[in-house]
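*Asks:* When you get a sec, could you give me coordinates for this:
(one chain, ligands or ions: 1)
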Amino acid sequence: PVTCMFQARISQRRGYATPAEERDLVIIGGGVTCIEKRGALGGTCLNVGCIPSKSLLNNSHLYHQILHDTKNRGIDVGEVKLNLANMMKAKDTSVNSLTKGIEFLFKKNNVEYIKGTAAFADEYTVAVNLVDGGETSVRGKNIFIATGSESTPFPGLTIDEKKVITSTGAIALEKVPKKMVVIGGGIIGLEMGSVWCRLGADVTVVEFLGQIGGPGMDAEISKNIKKTLEKQGMKFKLNTKVVKGDDSAEIVKLDVEAAKGGKPETLEADVVLVAIGRRPYTAGLGFENIGLETDNKGRLIIDSEYRTKLPHIRVIGDCTFGPMLAHKAEEEAVAAVEFLTKNYGHVNYNAIPSVMYTHPEVAWVGQNEAELKEAGVKYKVGTFPFSANSRAKTNQDSDGMVKFLADAETDRILGVHIVGPNAGEMIAEGTLALEYGASTEDIGRTSHAHPTLAEAFKEAAMATYGKAIHY
Ligand code: NAI
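*Replies:* From the prediction side, this is the model:
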């Protein structure tokens, strides 16, 4: 049997392993699937990350659209009112049904579920502090660590999840802030900033770098989405760093200055969202008892088969190397189990898509222009704007573009970058193309249904090796 341990409430009536009984595989945590203090399965993603934020992104978009974008569609609406409590309830309902779904899958697949806090007692024994009180321990021939990550704090600001918040507070505010300042213009900053901007907050994003979107986003795409988000009312201060924060009064004050030295300024906000990245979460796991090592960023050190220096202990997800994405952790979990059971496994780290769920969405896979330049790769570019796509036009939702980067000689696709409606769904085709080693001509010669947004994808591919038809 497989045993999963959760830092959470548990009914002890379900017949766990008796103390120190040996199991074939013990998993501590699990990002998308395991360790959880809050009494529900699904990790950060399902409980306080990807899933609740998408509920709020979807419904705040609908609200914003009904407020601002119905007249020109021939829809006259009456008074539109925000019921924030109900919007939060809708989010909770989605989250709850999904966490229950995982519990059901655990039962169906005979995965034992222990709610409690785990720590290594020795190399093969995990001691668990049960949430309902008491202790147990489980011995594993193999143990997986998948404890995920936590928000990186901002020095000088105390997170109370009300006035100074991380993404966790940002999905649970009880009222719309008047003025919100977001520290960090990465994915969390832009997604959660979008939600509260649509619901009426005055949102300013302070970003240290010269572009928004966090690591990986292509510079041209980043500029494009910035313009659109500005049209929606978001304000940006790029090349700006927050040097000091003061949260002692009701209004939080942030001293900012241009990154390369410049005029200092003090920003005031009733809510400050700290979104400057996440860091591996491995506290309290008892590594001192077994000697596991982390690097200078706190990531657990592993080999290509996800093994630590103790080969029966493997690590996947945010607490080790690579992008902090739920679907990356999922691929790694499968590969790690395959290495364990079959001696082979596979994750193509070059074909892990990234999606930012703003409106329009931004999605990409493979390399961006800056990365190709740095690697000295000769490449060609093909783009196609959604303003020339019939479906985007009829949807009256035509901001954005598709951009292909392909090897200048072989035409092999090296990167796909999309900013536009449904980019997050469309990137699946780009990921498949990359995984299969397709050329842009392979895409251009593949029939795409008309009228669909995906035709913009085909035409951008055509523009890379030849010429788009409609632009
Ligand atoms: P991020 O790494 O995407 O962006 C952080 C941004 O903050 C960077 O642009 C950085 O330059 C900036 N920054 C850092 N220190 C700063 C400072 N002192 N002042 C101003 N700016 C500063 O991190 P984020 O947005 O917190 O997300 C954390 C992780 O969660 C990322 O790995 C992200 O990919 C993942 N995530 C993914 C989502 C998705 O796939 N849709 C949604 C939410 C999070």
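*Asks:* what about the residue nearest to Glu174 when sequence neighbours are not counted, distance to Val95?
*Replies:* Of all residues not flanking Glu174 in the chain, Leu84 sits nearest, at 7.3 Å (CB to CB, 6 or more residues apart in numbering). Where C-beta positions appear, they are placed from N, C-alpha and C, glycine not excepted. Leu84 is 16 Å from Val95, where distance means CB to CB, to the nearest Å.
*Asks:* For those two, indicate the residue with more neighbours.
*Replies:* Val95 (19 against 16; other CB atoms under 10 Å).
*Asks:* The more buried one contacts Ser55, doesn't it?
*Replies:* Yes - using CB atoms under 8 Å, Val95 is in contact with Ser55, at 7.5 Å.
*Asks:* Spell out which residues of the chain are next to the ligand.
*Replies:* Within the chain, the residues that sit near the ligand (CB under 6 Å from any ligand atom) are 183-189, 191, 206-209, 214-215, 241-242, 275-278, 323-325, 355-357.
*Asks:* Any chance of a ChimeraX selection covering the buried ones in those?
*Replies:* A single ChimeraX command selects the buried members of the residues of the chain next to the ligand (16 or more other CB atoms under 10 Å):
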select :183,184,185,186,187,188,189,191,206,207,209,214,241,242,275,276,277,278,324,325,355,356,357
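*Asks:* Which of the residues of the chain next to the ligand fall within helices?
*Replies:* Ile187, Ile188, Gly189, Glu191 (DSSP state H).
*Asks:* Could you find the residue in this protein that comes nearest to the ligand?
*Replies:* Gly186 (1.8 Å; CB to the nearest ligand atom).
*Asks:* got the contact list for that residue?
*Replies:* Going by CB atoms under 8 Å, 6 or more residues apart in numbering, Gly186 touches Ile212, Gly213, Gly214, Pro215, Ala275, Ile276, Gly277.
*Asks:* do that again at 10 Å, thanks
*Replies:* Listed by CB atoms under 10 Å, 6 or more residues apart in numbering, the contact set of Gly186 reads 205, 207, 209, 212-217, 275-278, 356.
*Asks:* the longest strand in this structure is where?
*Replies:* strand 111-122 (DSSP state E).
*Asks:* Each with direction, which strands does that one pair with?
*Replies:* Here strand 111-122 has these sheet partners by DSSP bridges: strand 2-6 (parallel), strand 125-130 (antiparallel).
*Asks:* which stretch in the ones you listed is the model least sure about?
*Replies:* Of all the strands paired with strand 111-122, the minimum mean pLDDT falls on strand 2-6 (a mean of 46).
*Asks:* any idea how far Lys467 is from the residue nearest the centre of the chain?
*Replies:* By CA atoms, centre = their mean, the mean C-alpha position of the chain lies nearest to Leu325, the distance being 5.1 Å. Note on Leu325: its distance to Lys467, by CB to CB, is 35 Å.
*Asks:* before we move on, what about Arg445?
*Replies:* Separation of Arg445 from Lys467 (CB to CB) stands at 14 Å.
*Asks:* try Gly42
*Replies:* For Gly42, the distance to Lys467 - CB to CB - is 47 Å.
*Asks:* So those two - more neighbours on which side?
*Replies:* Of the pair Gly42 and Lys467, Gly42 is the one with more neighbours under other CB under 10 Å, namely 26 against 11.
*Asks:* so how far is Glu103 from that one?
*Replies:* Gly42 is 9 Å from Glu103, by CB to CB.
*Asks:* got it, and Lys178?
*Replies:* 40 Å.
*Asks:* Among those two, which residue is more densely surrounded?
*Replies:* A count of neighbours by other CB under 10 Å puts Glu103 above the other of Lys178 and Glu103, at 15 against 12.
*Asks:* Could you look up the SS state of that one?
*Replies:* Three-state assignment for Glu103 (DSSP: H, G, I helix; E, B strand; the rest coil): helix.
*Asks:* Was I right to think it contacts Asn109?
*Replies:* No - if you go by CB atoms under 10 Å, Glu103 and Asn109 don't touch, sitting 11.2 Å apart.
*Asks:* returning to that earlier point: need the contacts of Gly186 in TSV (columns: pLDDT and distance to Lys226).
*Replies:* As requested, the contacts of Gly186 are exported to TSV (pLDDT from 0 to 100; distance: CB to CB, whole Å):
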residue	pLDDT	distance to Lys226
Val205	98	9
Glu207	97	10
Leu209	96	12
Ile212	98	5
Gly213	97	8
Gly214	92	13
Pro215	89	16
Gly216	93	16
Met217	98	10
Ala275	98	16
Ile276	97	18
Gly277	97	19
Arg278	97	23
Met356	98	12
